[in-house]
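Visitor: Below: sequence and its predicted model.
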Amino acid sequence: MKNFEVLTEALAYIERNLEEDFTQQDVANACYVSLSGLQKLFRYAVHFSVGEYITKRRLTLAARLLCSTELSVTEIALQYQYHSPEVFTRAFSRLWGVNPSVFRRSRRFTELYPRLLLHQNGGTDMPNKHFDISELYDFLCSRRDCYIICFDTVSLMEVNNTYGREAGDLLIRTSLERIEQEQGENMLLVRVGGDEYALVTDHREREDAEQLMQRVLTHNGETVLVRQGLFLPLSLRGGLTRFEGTNMKYSEFFDQIEDTINCSRG
C-alpha cells in the first residue's frame, strides 16, 4: 500500500472511531502496516505521532461540545474515551491552556486541530495535506459579500526546529487567542493551515476590515512564556481578501485564501 493510501486510510479510521475505544495498533492493522512503520510515516508527513494526533482531534471535538452543548465535563470526557474527568481535565488544559469549565465560559474558537485532509502531490508517493475548511466554506455560502482577514504566525517553523513543537503549538494557540479577542459575534475564525488562520468578518467595507486586522497586529512583538525562563516574541502577518458570493468552487476558494496569505508574506 502506498504512503498516500496508508495515510488516507489511517486518518479515516481515526476519524470514524474518535468516540470509540481503539488502540494505535488497531489503526496500523486497518492499514495493513506495522505500527512502527505507521508511526514513522505519521511523524514524517503529519509531524505528530499517531497517539498525539488522536489526542489532539479528540480534545478539539471535546472543545466543540463544551461550547455547543450543555453536556457535563464528565459526559464529554467519557464520550472521548477519558475514563475520569480528572485525566480529561489535565489533557484538555495542556492543549488549550485552561480547564474545560473556564474554556466553556470564555472561549468560542474550538477548531485548534481540524480534521486533516490529503491530496496527491503530482504523482509522488507522499501527499500534500491541509485542514478541512468546509465549515468556513459553508459559512461563507450563507454570508455572501464580506471581507476575510487571513493571518499567519511569523517564523513558526524556526520555533519548531529550535524549541520543539510544543513551543510551536503554544504560539499557534496564542495567535488564535489574539485574533479571537477581536472577533465579533457574527464572525467565524478557522485554522486553515499549520500556521495559517482565516477570520470571516461581517464587514463589507475594506476600511472596517483593515482596522480590525490592525487591532490584532498591534500585539506583534509581545512575548509568550513558553516555559520557565523562556519568553518568545510572537508576531502575525495579515492580509485581506473579499468574498463576493459568486459560485466559487471549494478548491478555488482554498486557493484564494492561500494566495492572500502568501501575498501577506511578501
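Guide: Noted; the coordinates are in hand. If you're wondering where the values come from, they're calculated on a predicted model, not measured in any experiment.
Visitor: Can you give me the buried ones in stretch 198-216?
Guide: Neighbour counts over stretch 198-216 (16 or more other CB atoms under 10 Å) mark 198-201, 203, 209, 212-213, 216 as buried. C-beta coordinates here come from the backbone N, C-alpha and C atoms, glycine included.
Visitor: Using a markdown table, please lay out those residues together with distance to Leu38, secondary structure and pLDDT.
Guide: Converted to a markdown table, those look like this (distance: CB to CB, whole Å; DSSP: H, G, I helix; E, B strand; the rest coil; pLDDT from 0 to 100):
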| residue | distance to Leu38 | secondary structure | pLDDT |
| --- | --- | --- | --- |
| Ala198 | 31 | strand | 92 |
| Leu199 | 35 | strand | 94 |
| Val200 | 36 | strand | 92 |
| Thr201 | 41 | coil | 94 |
| His203 | 45 | coil | 94 |
| Ala209 | 43 | helix | 96 |
| Leu212 | 43 | helix | 97 |
| Met213 | 41 | helix | 97 |
| Val216 | 39 | helix | 98 |
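Visitor: any chance of the residues you listed in TSV, with distance to Ala91 too?
Guide: Output for the buried residues of stretch 198-216, formatted as TSV (distance: CB to CB, whole Å):
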residue	distance to Ala91
Ala198	27
Leu199	28
Val200	30
Thr201	33
His203	37
Ala209	37
Leu212	33
Met213	34
Val216	29
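Visitor: Closest to Glu70 out of those?
Guide: Within the buried residues of stretch 198-216, distances to Glu70 taken as CB to CB reach their minimum at Val200, with 26.4 Å.
Visitor: Skip the chain neighbours and tell me the closest residue to that closest one.
Guide: Counting by CB to CB, 6 or more residues apart in numbering, Leu188 is the residue found nearest to Val200 once chain neighbours are left out, at 4.4 Å.
Visitor: ok, so of the buried residues of stretch 198-216, who is nearest Val73?
Guide: The shortest gap between Val73 and any of these belongs to Leu199, at 28.5 Å (CB to CB).
Visitor: That closest one reaches Arg191, doesn't it?
Guide: No - assessed by CB atoms under 8 Å, Leu199 is found out of contact with Arg191, at 10.7 Å.
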